[in-house]
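Trainee: quick one: sequence and predicted model below, then my questions.
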Amino acid sequence: MDDILSRLNPEQRKAVKIVRGPILILAGAGSGKTRVITYRVAYLIHKVGVSPGNILAITFTNKAAEEMQTRIQKLLGGNNEVWIRTFHSTCARILRGGAERIGIKNNFTIYDEYDQISLVKECLGDLEIDTKAVSPAHVAGAINKIKENLQSSTAIENDLLRHVYNHYNNKLLEYNALDFDDLIMKVVELFKTDDDILDYYQDRFKYIMVDEYQDTNRAQYVLTKLLAEKHRNLCVVGDDDQSIYSWRGAEIRNILDFERDFPDTTVIKLQQNYRSTKRILDAASAVVKNNEYRKPKTLWCENKVGEQIQFFEADDAYTEAAFVARKVIELGLKGANLGEIAVFYRINYQSRLLEECFITYRIPYEVVGSLRFYERAEIKNVLAYLRLINNNLDAVSLRRIINIPSRKIGHETIEKMSSFSKEHGIALYDVLHDIDKVKNINSGTRRRIKEFTRMIDSLIDGREGFDIYELALRVVKESGYLASLSQEKTEREYVRRKNVEELLISIKDYVRERPSATLDNYLEEVSLRSDIDEWNESNARVNLMTLHNAKGLEFDVVFITGLEDGLIPHYKSQHDERQYEEERRLLYVGITRAREKLFMTYARQRDMFRAGPNYTEISPFLNEIPSDLISTGYDFE
DNA sequence: CAGGAGGGGCTTTTT
DNA sequence: GCCCCTCCTG
């Protein structure tokens, strides 16, 4: 352990050794933050003698959690019971144990963004609100904001929104489902309702650490505060310059105000960068220093000066993509590992052109994000079956798959059953069992509904005898879904079948790794998994991702593309100063991912969704970088 | 009453 | 360029 401490600089060592009381670590990009957190956990266990079970570490993604778990294991050896999880996953776990206290059954389903929008649509329908006048996605966004801020429904000023909000929450309760923000909000509710439970978790988590603290929202902050209140051993780590999730309710205020909320806080600044060349760091600093809303600070380094940043101005987006591809090939010929190269962009849409180009040039690549695996329709269909089996109150999933594959049970029939369910206060799935009582359904449809119900019932009844993989296999076979995919002829449909098969394999792996896991556990894990969690960094492929997904990662070579006014900063952020500054931070995050080489590109013409060419202006942020750091000498052959 | 074909809308970032 | 919704057909 002493040996480990000697590998840290004085500030880092301080951050590891101060274990009692509130502590705020302001960790600049590349300042060894992860190392500090990992060592801190090791220090707590080995030197202070804290039991691993008394430590809670919150990370931003599951991927970061797994990485940290691995590192700690390497440091300490053997198994430990440190809780290292995301906020959402921590809360889901707490609720599985104690949700009944606040009226939620413990087999609740977690609704993602798309399930949520379906439910909002349903609510708008129930309340006879025209979805053309009020967009469901917009309403869903407003609902999320309310929950992220722990606002009470009575405080909602807009009458329509308040009605929808209440109706929506009633539906969630009825369906035994929670949306993402509920996970946090309900735990806060649980803690405020039940002192014993709060007490239990406060004593359990005597030492709490929160990473990426700048990206926590109000609800997460309140939750953290509640948990840490008793023992006050709270360590938060963040960087206000890397706050890029305010649109998701993150409050940079949480970091700026930490010292006010915890007056006896020890503040430690990690400002030495170990990652990037001096030029790259200078460029990053030159950009971010233009922000008004930030804690003043300067990163420094003893790293080599490095090359100039290479800037390329392309005629259009195709030329831009070709430039990136050719540079990648050039680097590859010089022996660079393609897995150490990353291409960033502002919006997922931009990946398409790059992909096309990479295919043409035969460059192996991997897109992180865009269409996430678990959000693909065919995957969601299979999961909807499993969700229905796990929680048959989940009418969103039931509606989704009752006619997949086609059973000739259409909208009209579903509407009739829904009305019946509403009138008699019976769950939709129970209406299926009592289908003879529902009027005006023809006998063929009735028969097919009974068949469907029988099939689901038999899967539910038999589930004890099977593991999750066997169950999933039965689902795709007995529902006829796999067969329906096998008959399809187009390339796209073939891909769907492949995806379902891939899902089955992944379930098999999951069962092998966690033989005691329940269906509940599996569905929860899948719901809370993001695409970055799946990403395998050891692949020898160029990595394509959004600037948001790049957070927390680092690469030898980085390309930042689309440096245009309207893209970075995004045009929707241009009229709000706070949002505008967040765009600048986004670029800052992108630049600071690079260790050795940084390329920045701009296309004078980019065809967006509108018809015809779209002539662009260069990003104003680029002018903030001193010109001596940049080389522009490109002739594009 | 189900499902295919064609028109209109919209596209930031995500746990 | 893609997805969703609607209208029309079988």
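Mentor: Here it is on my side, so go on.
Trainee: who in the stretch 401-550 of chain A is up against DNA strand B?
Mentor: Counting by C-beta under 7 Å from any atom of the strand, the residues of the stretch 401-550 of chain A lying close to DNA strand B are A:403, A:406-413, A:416, A:440-442, A:445, A:528, A:530-532, A:546, A:548-549. Yep, even glycine has a C-beta here, placed from its N, CA and C like the rest.
Trainee: CA-only coordinates of the longest strand along chain A, as CSV, when you get a sec.
Mentor: Longest strand in chain A, counting residues (DSSP state E): strand A:594-603. As requested, the backbone C-alpha atoms of strand A:594-603 are provided in CSV (Å, rounded to 0.1, in the frame of the first residue of the first chain):
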residue,chain,number,x,y,z
ALA,A,594,-6.2,13.1,-27.2
ARG,A,595,-2.8,12.0,-26.0
GLU,A,596,-0.5,12.5,-29.0
LYS,A,597,-2.2,13.8,-32.1
LEU,A,598,-5.3,15.9,-32.7
PHE,A,599,-7.0,16.6,-36.0
MET,A,600,-9.8,19.1,-36.4
THR,A,601,-11.9,19.2,-39.6
TYR,A,602,-14.5,21.5,-41.1
ALA,A,603,-16.7,21.1,-44.2
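Trainee: tell me what the next helix or strand after it is packed against?
Mentor: Next helix or strand after strand A:594-603 toward the C-terminus (DSSP states H and E): strand A:630-631. Where contact means 3 or more C-beta pairs under 8 Å, 6 or more residues apart in numbering; DSSP states H and E, strand A:630-631 is packed against strand A:309-314.
Trainee: report the distance from the strand it packs on to the chain centre.
Mentor: Counting by C-alpha atoms, centre = their mean, to the nearest Å, strand A:309-314 is centred 31 Å from the centre of its parent chain.
Trainee: now the angle between strand A:594-603 and that strand, please.
Mentor: 20 degrees (axes from the mean of the first three to the mean of the last three C-alpha atoms, to 10 degrees).
Trainee: buried stuff in the very next helix or strand once past strand A:309-314?
Mentor: Counting by DSSP H and E, the next helix or strand C-terminal to strand A:309-314 is helix A:317-333. Of all the residues in helix A:317-333, those buried under the rule 16 or more other C-beta atoms under 10 Å are A:317-325, A:327-328, A:331-332.
Trainee: how about A:Phe87, what does it touch?
Mentor: Applying C-beta atoms under 8 Å, 6 or more residues apart in numbering, one finds that A:Phe87 lies in contact with A:Ile58, A:Leu183, A:Ile184, A:Thr216, A:Gln220, A:Leu223.
Trainee: and for A:Ile184?
Mentor: Contacts of A:Ile184 (C-beta under 8 Å, 6+ apart): A:Phe87, A:His88, A:Cys91, A:Lys147, A:Glu148, A:Asn217, A:Ala219, A:Gln220, A:Leu223.
Trainee: for A:Cys301, which non-adjacent residue is closest in space?
Mentor: Closest residue to A:Cys301 apart from its sequence neighbours, by C-beta to C-beta, 6 or more residues apart in numbering: A:Asn273 at 4.3 Å.
Trainee: number of nearby residues for that neighbour?
Mentor: 23 (other C-beta atoms under 10 Å).
Trainee: same thing with the one 10 residues further on?
Mentor: When neighbours are counted by other C-beta under 10 Å, A:Ala283 registers 27.
Trainee: so which strand or helix has it?
Mentor: Using DSSP H and E, A:Ala283 falls in helix A:278-288.
Trainee: alpha carbons of that helix, as PDB, please.
Mentor: Extracted C-alpha coordinates of helix A:278-288, given in PDB (Å, rounded to 0.1, in the frame of the first residue of the first chain):
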ATOM      1  CA  LYS A 278       1.500  20.500 -24.200                       C
ATOM      2  CA  ARG A 279       0.100  21.800 -27.400                       C
ATOM      3  CA  ILE A 280      -3.100  19.900 -27.100                       C
ATOM      4  CA  LEU A 281      -3.500  21.000 -23.500                       C
ATOM      5  CA  ASP A 282      -2.900  24.600 -24.500                       C
ATOM      6  CA  ALA A 283      -5.500  24.500 -27.200                       C
ATOM      7  CA  ALA A 284      -8.000  23.000 -24.800                       C
ATOM      8  CA  SER A 285      -7.300  25.600 -22.100                       C
ATOM      9  CA  ALA A 286      -7.500  28.400 -24.700                       C
ATOM     10  CA  VAL A 287     -11.000  27.300 -25.600                       C
ATOM     11  CA  VAL A 288     -12.500  26.700 -22.200                       C
END
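Trainee: what does it rub up against?
Mentor: With C-beta under 8 Å, 6+ apart, helix A:278-288 has contacts from A:29-30, A:241, A:273, A:276, A:294, A:298-301, A:303-309, A:584-585, A:587-588, A:591-592, A:594-595, A:598, A:621, A:624-626, A:629-630.
Trainee: for A:Glu81, helix, strand, or coil?
Mentor: coil (DSSP: H, G, I helix; E, B strand; the rest coil).
Trainee: contacting residues for it?
Mentor: The contact partners of A:Glu81, by C-beta under 8 Å, 6+ apart, come to A:Pro52, A:Gly53.
Trainee: distance check, A:Val396 against DNA strand C.
Mentor: 14 Å (C-beta to the nearest atom of the strand, to the nearest Å).
Trainee: just checking, that residue touches A:Asn176?
Mentor: No - between A:Val396 and A:Asn176 there is no contact under C-beta atoms under 8 Å: 10.9 Å.
Trainee: most neighbours of all the contacts of A:Ile184, which one?
Mentor: A:Gln220 leads the contacts of A:Ile184 on contacts (other C-beta under 10 Å) with 27 neighbours.
Trainee: so of the residues of the stretch 401-550 of chain A next to DNA strand B, which ones are in strands?
Mentor: Using DSSP E, those in strands are A:Thr546.
Trainee: and the average pLDDT for stretch A:504-524 is what?
Mentor: Across stretch A:504-524, the average pLDDT comes to 90.
Trainee: next, the buried residues of that stretch.
Mentor: A:Leu504, A:Ser506, A:Ile507, A:Lys508, A:Tyr510, A:Val511, A:Leu519, A:Asp520, A:Asn521, A:Tyr522, A:Leu523, A:Glu524.
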